[in-house]
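1. turn this into a structure:
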Amino acid sequence: MITSTVEQSWGRIESWLARHAPATQGLLRPPALPADIAAAELRLGVTFPPDLRESLLRHDGVELQAGTLRLAFYGPPSGIGEIVRSTEFLRGVGANAAEEEAGLAEEERDEFAYWPRERLLITLGIGWQSSDGLFLVTRPGPHRGRVGRYFDESGSTFTPWTGLRQVLSDLATALENGLPFGGRIPLAYEGRLIWDDGLTVVADPTSALDIAAATPEPQVPPAADPAPPAPQPDGSYAVLSFAHGGLFGPEPEPIVQPDVVFVANTDPGELLDRLGSMPATAAPRTREQARLSADAPWAAHRPMVRAGSCGNGWSYATQEGGDAQFGRPEVLGRLSLGTRVVRLTKRGPEVRVTVVEDGNEQQEAGHRVESPREDYVTAPDGQRWQRIGVDPWPGSTAAYTRLLAGLTVEHGIGWDPADDAAAPLASALLLPVLDEIPQARHPVTVVRELDLGALVERTPPERLRSAVAAQLARLASETGIDGYPEIALALEQAGRGEPVDLTTDGPLDLRMRTVRAETRAVRGLLNAARHQQHPAPVTAADLAAWHGRDTAAEALRRFMLLPLPAAAETVLSLRMSVRWRDELALDLADEHPYPHAGAR
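-> Numbers count the residues shown, from 1 in each chain. Modelled structure (predicted):
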């Protein structure tokens, strides 16, 4: 590829802005004065690379206001004043490390130094501040003019650009051809240059739940017979045991204190149903079996619970694996419908008892204990040491037992977690219920540089609803969720303004929960593969596709449950095509309701 000169690239950029984004062109500053460049070089003690000097002599940066020229995530190009201020600021931040870095060789300085004095920050990044942006190397030598990216949270990295000339040439090409630059696509919108993300996902992502269905559930092996006695020279016998504790006998079993919920006037089967149990995974399991299964690929990172009875009309469920469920308000609301729920959970130093009746937490009936950490000891010399292999919060372990005993007095609940360890109890994996949708707490304003607040004010509600429904249908097509019959039907009904059945445990609800479970399972497989030799059976592209489906399904829920402006904000923020603004304009202009339901 031929790289234009700095002057040629600026000419191309200005020409494109004049035709498509005149408001942005009007915010380009006039040329810098050579004397001002010389004064900046003297103040900073460096010589500007030729590319930077030529660029400043064309435009001394840009006016920092809405609609200004930005280099995608790299931010607006800086003028002399911003370059001086940013560079002096970063030198000050890195002053403490300067002495330690003084002995580094040139290549080491580029790689490890926080902010070498010969660097210049030449753009203001995402927040239009000195916390990130592109920088140039001014040090004489083969890397003079080299371009890097600075970000205060991750440090400095170098880009493939060998100079500002390449940056400006690539920017001009991106504008002229609508190509990505810095990971984003340039667009002209209402006379301004804006940047957006053009995304696509794989059409048929690998299903982690299908992989799990084809994997057998592991079984706890039967207990091994004890080893026969070994004859001794004097005719006596000895039995050696190496299990757990080796020659020194078995180690004590760790105290098991799982998350548990108690539900009044509900049998174990109904309790599992309310939790969202998956019938195909239901079976009697001991605690050891449940935990083995929960940790296996068969479970696909879905929660595992066991349920039983504990007298006086109470049933209980313990969580044996997977993401914690019993603290979620959505779960407690379902469990307590028409009855009372008592929850006991332990998280490190905290033990908490929560009482919920018919979806309402009874604050006065709750208990909370916070225990200090006790696995550190202080030596006579004042040093602190951590004791390995001990309970760091023995106080919370004792509090769990104490609060559990109190439940017998307060609620008539009698249960000991040690009693059901070996007993096969009804158990199943859960298809977790969906999160509650929070109500919007702020007025809708700008979404991806579209003034949605103004659009809502000037558009009749029915016309806006029809347009947002069309956008939702396009989002469903982009992500592939319109291939599910339950979602396709819901989209058609929503587009016609008809009510949509989102009943708990109904077909649409179950489909959305399954999509979310797929997303969680794929993410879990990828995370686990980081610590394994073999690659995961799924890819990052699979995760992106399932995440896209999950968020699109969530947008459909929001369209049905939230006020229209808040729903529109979600839908438009998720659209994948960079042409969504043009499509929205057509949707708003079309007099027929739901005109683009099948558009792809």
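2. where does the stretch 51-200 of the chain have low pLDDT?
-> Along the stretch 51-200 of the chain, the model assigns pLDDT under 70 to residues 98-103, 105-112.
3. mind listing the strands for it?
-> 119-121, 132-137, 147-151, 155-158, 185-189, 192-196 (DSSP state E, counting those that start in this stretch).
4. pairing partners for the last one, with directions?
-> The one in question is strand 192-196. Using DSSP bridges, strand 192-196 pairs in its sheet with strand 185-189 (antiparallel).
5. can you check the first one too?
-> Within its sheet, strand 119-121 is paired with strand 132-137 (antiparallel), according to DSSP bridges.
6. contacting residues around the partner strand?
-> 49, 52, 71, 74-75, 78, 86, 110, 116, 118-126, 143-152, 156, 159, 163-164, 167 (CB atoms under 8 Å, 6 or more residues apart in numbering). Heads up, the C-betas are built off the backbone N, CA and C, glycines and all.
7. follow-up on the earlier one: how about the strands of the stretch 51-200 of the chain in TSV, adding mean neighbour count?
-> Rendered in TSV, the data for those read as follows (neighbours: other CB atoms under 10 Å):
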stretch	mean neighbour count
strand 119-121	25
strand 132-137	24
strand 147-151	20
strand 155-158	14
strand 185-189	19
strand 192-196	20
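8. could you dump those to CSV with distance to Leu27?
-> What follows is the strands of the stretch 51-200 of the chain, written out as CSV (distance: least, CB to CB, whole Å):
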stretch, distance to Leu27
strand 119-121, 20
strand 132-137, 18
strand 147-151, 23
strand 155-158, 28
strand 185-189, 14
strand 192-196, 9
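9. for those, which one sits closest to Ala585?
-> Between Ala585 and these, the shortest gap by CB to CB is with strand 185-189, which sits at 10.6 Å.
10. so Leu17: helix, strand or coil?
-> Three-state call for Leu17 (DSSP: H, G, I helix; E, B strand; the rest coil): helix.
11. how many neighbours does it have?
-> As a burial measure, Leu17 scores 22 neighbours (other CB atoms under 10 Å).
12. same check, this time on the one 5 residues further on
-> If you count neighbours by other CB under 10 Å, Pro22 ends up with 12.
13. roughly how far does it sit from Gly79?
-> Relative to Gly79, Pro22 is positioned 21 Å away (CB to CB, to the nearest Å).
14. then Ile2?
-> Distance of Ile2 to Gly79, given as CB to CB: 28 Å.
15. repeat for Arg285
-> For Arg285, the distance to Gly79 under the criterion CB to CB works out to 68 Å.
16. which of these two has more neighbours?
-> Arg285 (24 against 20).
17. so in terms of bridging, what pairs with the more buried one?
-> Under DSSP bridges, the residues paired with Arg285 across the bridge are Leu425.
18. just after the helix-or-strand element of the chain with minimal mean pLDDT, pick out the following helix or strand.
-> Taking all helices and strands of the chain together, the one with the lowest average confidence (mean pLDDT, DSSP states H and E) is strand 237-238, at a mean of 47. Next helix or strand after strand 237-238 toward the C-terminus (DSSP states H and E): strand 260-264.
19. in the stretch 451-600 of the chain, which ranges drop under the pLDDT threshold?
-> For the stretch 451-600 of the chain, residues meeting the criterion pLDDT under 70 lie at 591-600.
20. helices of that one, residue ranges please.
-> Taking DSSP state H, counting those that start in this stretch, the helices of the stretch 451-600 of the chain run over residues 452-458, 461-479, 485-495, 507-529, 540-561, 564-574, 580-589.
21. of all these, which lies closest to Ile413?
-> The stretch from the helices of the stretch 451-600 of the chain with the least distance to Ile413 (CB to CB) is helix 507-529; that distance is 29.9 Å.
22. what is the closest one packed up against?
-> helix 208-213, helix 485-495, helix 540-561 (3 or more CB pairs under 8 Å, 6 or more residues apart in numbering; DSSP states H and E).
23. which of those helices is buried the deepest?
-> Ranked by mean neighbour count under mean count of other CB atoms under 10 Å, the helices and strands packed on helix 507-529 are led by helix 540-561, which reaches a mean of 21.
24. quick one: contacts of that one?
-> The contact list for helix 540-561, computed with CB under 8 Å, 6+ apart, reads 199, 201-203, 205-206, 434, 437, 468-469, 472, 475-476, 478-481, 487, 490-491, 494, 500, 502, 511-512, 515-516, 518-519, 522-523, 526, 566-567, 570-571, 574, 576.
25. measure the closest residue to Ala529 other than its chain neighbours to Ala208 for me?
-> Spatial nearest neighbour of Ala529, excluding adjacent residues (CB to CB, 6 or more residues apart in numbering): Ala536 at 3.6 Å. Applying CB to CB, one obtains 9 Å for the distance of Ala536 from Ala208.
26. wait, is Ala35 part of a helix?
-> Yes - remark: Ala35 belongs to a helix, assigned using three-state DSSP.
27. for the residue nearest to Ala529, the count of nearby residues, please.
-> When neighbours are counted by other CB under 10 Å, Ala536 registers 20.
28. check which helices and strands the host helix or strand of Glu270 sits against.
-> Element membership of Glu270 [criterion: DSSP H and E] is helix 268-275. Packing partners of helix 268-275 (3+ CB pairs under 8 Å, 6+ apart): strand 260-264, strand 304-309, strand 314-321, helix 329-335, strand 425-429.
29. buried residues in it?
-> Taking 16 or more other CB atoms under 10 Å as the basis for neighbour counts, the residues of helix 268-275 that come out buried are 268, 271-275.
30. want to throw these into JSON lines with pLDDT and distance to Leu561?
-> Conversion of the buried residues of helix 268-275 to JSON lines gives the following (pLDDT from 0 to 100; distance: CB to CB, whole Å):
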{"residue": "Pro268", "pLDDT": "96", "distance to Leu561": "32"}
{"residue": "Leu271", "pLDDT": "97", "distance to Leu561": "27"}
{"residue": "Leu272", "pLDDT": "97", "distance to Leu561": "27"}
{"residue": "Asp273", "pLDDT": "96", "distance to Leu561": "24"}
{"residue": "Arg274", "pLDDT": "96", "distance to Leu561": "21"}
{"residue": "Leu275", "pLDDT": "97", "distance to Leu561": "23"}
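31. what about Gly359, how many residues close to it?
-> Around Gly359 there are 14 other residues, counting by other CB under 10 Å.
32. so it touches Leu337, yeah?
-> Yes - using CB atoms under 8 Å, Gly359 makes contact with Leu337 at a distance of 6.7 Å.
33. coming back round to it: closest to Pro303 out of the buried residues of helix 268-275?
-> Distances from those to Pro303 were compared by CB to CB; the smallest belongs to Leu275, at 8.3 Å.
34. and the gap between that closest one and Ile2?
-> As defined by CB to CB, Leu275 lies at a distance of 64 Å from Ile2.
35. try Arg19
-> To Ile2, Arg19 is 22 Å away according to CB to CB.
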